[in-house]
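Asker: 3D model of this:
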Amino acid sequence: MNIYDVSKLAGVSIATVSRVLNGNPNVSQKTRTKVLAVMDELGYTPNVFARGLGLGTMKTIGIMCSDSSDPYLAAAIYHLERQLRSHGYDSLLCCTGSSLENKRTYFDLLLSKRVDAVILAGSKFVELIDKNNDYLIEAAKELPIMLVNGYLDAPGIYSTVCNDYEAMYSAAARLIESGRRNILYLYTSHSYSGLNKVEGYKNALTDHNLPVRREYIHQCPKDLVQSRKLMEKLSGLGLEFDAVMTSDDSLAVGALKYAHSRNIKIPEELAVIGYNNSILSYCTSPEISSVDTKVEKLCTTTIDTLMSVFNGDKVPARITIAAEFIQKQTTNFSI
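Answerer: Here you go, the predicted structure:
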């Protein structure tokens, strides 16, 4: 029996049960009575490991990510856990997938473990429909919620983000100024980060008096085989492109495979730009020019901010980290 069972039977959130346990005054007497009655019915005894010994903390941070096999998120998890250990904190990791139901289930699970804060790694935890973020906003009244490259404007939620818009705008502008005119854009999701990237691409075209053509913008699964197949399909339909920009290095690898299969010279006939500057961008021939989103700095800044929150310091709700374009062998413009 745990706090999750209590919240489910009482029909309230985990955060509300937590407020009752902690004697928080921001709970109505009716709700408090109902929660206590359910606890009595279930024979639930609160976990007093943190409070009973006067420790006030479990020294444990919850981390959520959508896919730990993703190179970017795997690196983020590594840096987050390492930085937490340096401050004497353990971590609990939940890999949620992309569904909102799973995200909420695992989030509630972490709260039931009485973690001291929750870190959401990656921008897919900020939902496009505002009401679907209510569970985060509600929980942030009780414990800090940290977003790594995602932004949600609410008290108790702290974001460390990369300047994805500016990074993609700058990369696209360089391609255009080097003479590229038919730039294909492949992206993986409509996340907070994903939307900023595609807007950077579009506005770079507009500011250079080039049309934004829908046929040049395509969503694609984060899979190198799928991106290759998509480019083959588009080429077969007569679409001509002299550059490819992608929202993730995995898609850029697929672009290289497409070019190799057709004996297209890179970068002379086709320029390719990836994103995240992951290990994938170094494992191809030629190596892929990519935007380095500074994942280590994003993560260390997130943990430094969390420690400041624990210390009661005043910290900004959002900190922006500048990305850096790393030119390798799939582009040939001046930087």
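Asker: quick one: contacts for the most centrally placed residue in the chain?
Answerer: The geometric centre of the chain, computed from its C-alpha atoms, lies nearest to residue 122 (Cα atoms, centre = their mean), at 1.2 Å. The contact partners of residue 122, by Cβ atoms under 8 Å, 6 or more residues apart in numbering, come to 65-66, 72-73, 76, 148-150, 191, 193. C-betas here are computed from N, CA, C, even on glycine.
Asker: likewise for residue 252?
Answerer: The contact partners of residue 252, by Cβ under 8 Å, 6+ apart, come to 227, 244, 246, 272-275, 280-281, 288, 290, 330.
Asker: show me where the stretch 201-335 of the chain has helices.
Answerer: According to DSSP state H, counting those that start in this stretch, the stretch 201-335 of the chain carries its helices in the segments 224-236, 249-261, 295-310.
Asker: among those helices, which is nearest residue 212?
Answerer: Nearest of the helices of the stretch 201-335 of the chain to residue 212, taken as Cβ to Cβ: helix 224-236 at 16.5 Å.
Asker: now the residue nearest to the centre of the chain. Its backbone dihedrals?
Answerer: phi 100, psi 160 (degrees, to the nearest 10).
Asker: so how far is residue 263 from it?
Answerer: Here residue 122 is placed at a distance of 37 Å from residue 263 (Cβ to Cβ, to the nearest Å).
Asker: out of the helices of the stretch 201-335 of the chain, the one nearest residue 135 is which?
Answerer: Here helix 295-310 is closest among those (Cβ to Cβ), at 19.8 Å.
Asker: identify all contacting residues around that closest one.
Answerer: Outside of helix 295-310, the residues within contact range by Cβ under 8 Å, 6+ apart are 61, 72, 75-76, 79-80, 83-84, 87, 116-117, 119, 121, 144, 146, 148-149, 158, 160-162, 276, 315, 319, 321.
Asker: among those residues, which lie within strands?
Answerer: The members of the contacts of helix 295-310 that map onto strands under DSSP state E are 61, 117, 119, 121, 146, 148, 158, 160-162, 319, 321.
Asker: could you measure from the nearest residue to residue 193 once chain neighbours are set aside over to residue 161?
Answerer: Leaving aside its chain neighbours, residue 193 sits nearest to residue 123 (3.8 Å; criterion: Cβ to Cβ, 6 or more residues apart in numbering). Residue 123 sits 8 Å away from residue 161, going by Cβ to Cβ.
Asker: strands of the stretch 101-250 of the chain, start to end?
Answerer: 117-121, 145-148, 157-162, 183-187, 217-219, 243-246 (DSSP state E, counting those that start in this stretch).
Asker: so what strands line up beside the fifth one?
Answerer: Right, strand 217-219. Strand 217-219 pairs in its sheet with strand 183-187 (parallel), by DSSP bridges.
Asker: so who does the closest residue to residue 88 other than its chain neighbours touch?
Answerer: In this structure, residue 88 finds its nearest non-sequential neighbour in residue 59, 6.3 Å apart by Cβ to Cβ, 6+ apart. Contact analysis of residue 59 by Cβ under 8 Å, 6+ apart lists 88-90, 116.
Asker: what about this protein, any weak spots by pLDDT?
Answerer: By pLDDT under 70, the weakly predicted segments of the chain are 1-4, 22, 45-57, 335.
Asker: got the domain boundaries for the chain?
Answerer: Domains of the chain are assigned by automatic domain parsing as 1-46, 164-292.
Asker: so what's residue 73 up against?
Answerer: By Cβ under 8 Å, 6+ apart, the contact list for residue 73 reads 65-67, 121-122.
Asker: identify the residue nearest it in space, chain neighbours excluded?
Answerer: Distance criterion Cβ to Cβ, 6+ apart; nearest residue to residue 73, sequence neighbours excluded, is residue 65 at 4.7 Å.
Asker: I figured that neighbour hits residue 77, correct?
Answerer: Yes. With contact defined as Cβ atoms under 8 Å, residue 65 counts as touching residue 77 (6.1 Å).
Asker: more neighbours: these two, which one.
Answerer: residue 65 (25 against 22; other Cβ atoms under 10 Å).
Asker: quickly note the distance from the residue nearest to residue 88 to residue 91.
Answerer: With Cβ to Cβ as the criterion, residue 59 and residue 91 are 10 Å apart.
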